[in-house]
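# Below: sequence and its predicted model.
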Amino acid sequence: MKFRDWATRVLFISLMFTALILAVFAGKGTKLSNNPTNNTIISNPEIPIVNQYPQIDLQSKNQASKSQNLLKSPVKKNKVSGRYRTTEAFAKYRPPYEIASVHPSNYGERYAQDVNGIPVKNQAIIVLHETGYSASSAINFFQSPHEENESIQASYHTLIKLDGTIVYLVPPEKRAFGAANSVFNGIDGPETVQTNPNLASSVNNFAYHVSLETPPDGRGDNIKFHSGYTQAQYNSLAWLIAQSQVPDDRITTHKEVDRSGQKIDPVNFDFDKFLNLLHTFRQLSPVYRAAGG
């Protein structure tokens, strides 16, 4: 074989191989561009609102992650930064806590832009829920994968058992799937963010979701009334939220943000009782008090 013929064949084979590689990468690129979660949305774990949620330094992190046994949280020192500071009553209250993992299909990232590429600048809100069934049932559901059915993906950031135990589920910097088709009607008007073009907009991108375990007499479908939550639950809920910088008027319920008209939780919730406890665990910092709050 002449050298020229050999060189021509080698060049031809090289061009075919290069074309094949380009076709493979082009296919992957098309697949990524068709994925709604890889649209123009930009994930940003450093979004400022994250600092407004409860930020807790857990005692014995390694031990908790290994055993998930009941652990006592350490006594907290007063926190003085931000709009609110915690009180001596907060420092003295020591609710037990647990840590439970949630399957990654049931929560996601908080986004800096919506599906249209518009920056989202909502301030944080806290949404209160109830489990509907036992705490263990809710946790088991969150730990089950739901990749194939987005309509049943769900989670809370924290859950509070009947005995006041705080169960930490989804980190505050992540987006828990606590309220699907939802909107927060605050003093600045309706607030909601669409992060998936195939799903309705919701408050999840700027919400911290907390759920109370439903008492035994209220568990089941279509329950509209029950005996109410325990004092320990109210205490732990107020203690948890006292660590946030979310103002009272941005603490709401699943019932209030839901647009489907089907959610009524938390049933029988005593907001006045909760706010009184919250105000014993946190107060406006001197700077904000001097400025009129």
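Thanks, I have it.
# residues in contact with Ile223?
Counting by CB atoms under 8 Å, 6 or more residues apart in numbering, Ile223 makes contact with Gly132, Thr214, Val267. For every residue, glycine as well, the C-beta is placed using N, CA and C.
# any idea what the residue lying closest to Gly164 once chain neighbours are set aside is structurally, helix, strand or coil?
Using CB to CB, 6 or more residues apart in numbering and skipping the chain neighbours, the partner closest in space to Gly164 is Ala232 (3.1 Å). In three-state terms, and counting by DSSP: H, G, I helix; E, B strand; the rest coil, Ala232 is helix.
# Are we agreed that Gln283 is in a helix?
No: assessed with three-state DSSP, Gln283 is strand; it does not lie in a helix.
# Number the residues from 758 up from this point.
In the new count, where the first residue is 758, that last one comes out as Gln1040.
# Which strand residues bridge it?
Gln1040 forms beta bridges with Arg842, as assigned by DSSP bridges.
# what residues are up against the residue nearest the centre of the chain?
Among the residues of the chain, the one closest to the centroid is Ala933, at 3.0 Å (CA atoms, centre = their mean). Ala933 is in contact with Tyr864, Ser912, Tyr913, His914, Leu926, Val927, Asn961, Ala964, Tyr965, His966, counting by CB under 8 Å, 6+ apart.
# May I see the residues you listed organised as TSV, with neighbour count and distance to Ala848 added?
Shown next, in TSV, are these (neighbours: other CB atoms under 10 Å; distance: CB to CB, whole Å):
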residue	neighbour count	distance to Ala848
Tyr864	23	31
Ser912	27	30
Tyr913	28	26
His914	26	23
Leu926	26	25
Val927	23	26
Asn961	26	32
Ala964	29	27
Tyr965	26	22
His966	26	26
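# Show the pLDDT at Thr765.
pLDDT, Thr765: 52.
# again, but for Gly784
42.
# By neighbour count, which of the contacts of Ile980 wins?
In terms of neighbour count, Thr971 stands highest of those at 26 neighbours, by other CB atoms under 10 Å.
# and that one, what element?
For Thr971, there is no host helix or strand (DSSP states H and E).
# follow-up on the earlier one: can you put the contacts of Ile980 in JSON lines and add distance to Gln900?
Below are the contacts of Ile980 laid out as JSON lines (distance: CB to CB, whole Å):
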{"residue": "Gly889", "distance to Gln900": "17"}
{"residue": "Thr971", "distance to Gln900": "19"}
{"residue": "Val1024", "distance to Gln900": "25"}
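# ok, those vs Pro1004, which is closest?
Pro1004 lies nearest to Val1024 out of these, by CB to CB, at 24.7 Å.
# how close does the residue nearest to Gly921 get to Leu969?
11 Å (CB to CB, to the nearest Å).
# Quick check on those two: which one has the bigger neighbour count.
Legend: neighbour count by other CB under 10 Å for Ala989 and Leu969, higher for Leu969 (26 against 16).
# Contacts only, for Val877.
Tyr868, Ala869, Gln870, Asp871, Val950, Asn962, Phe963.
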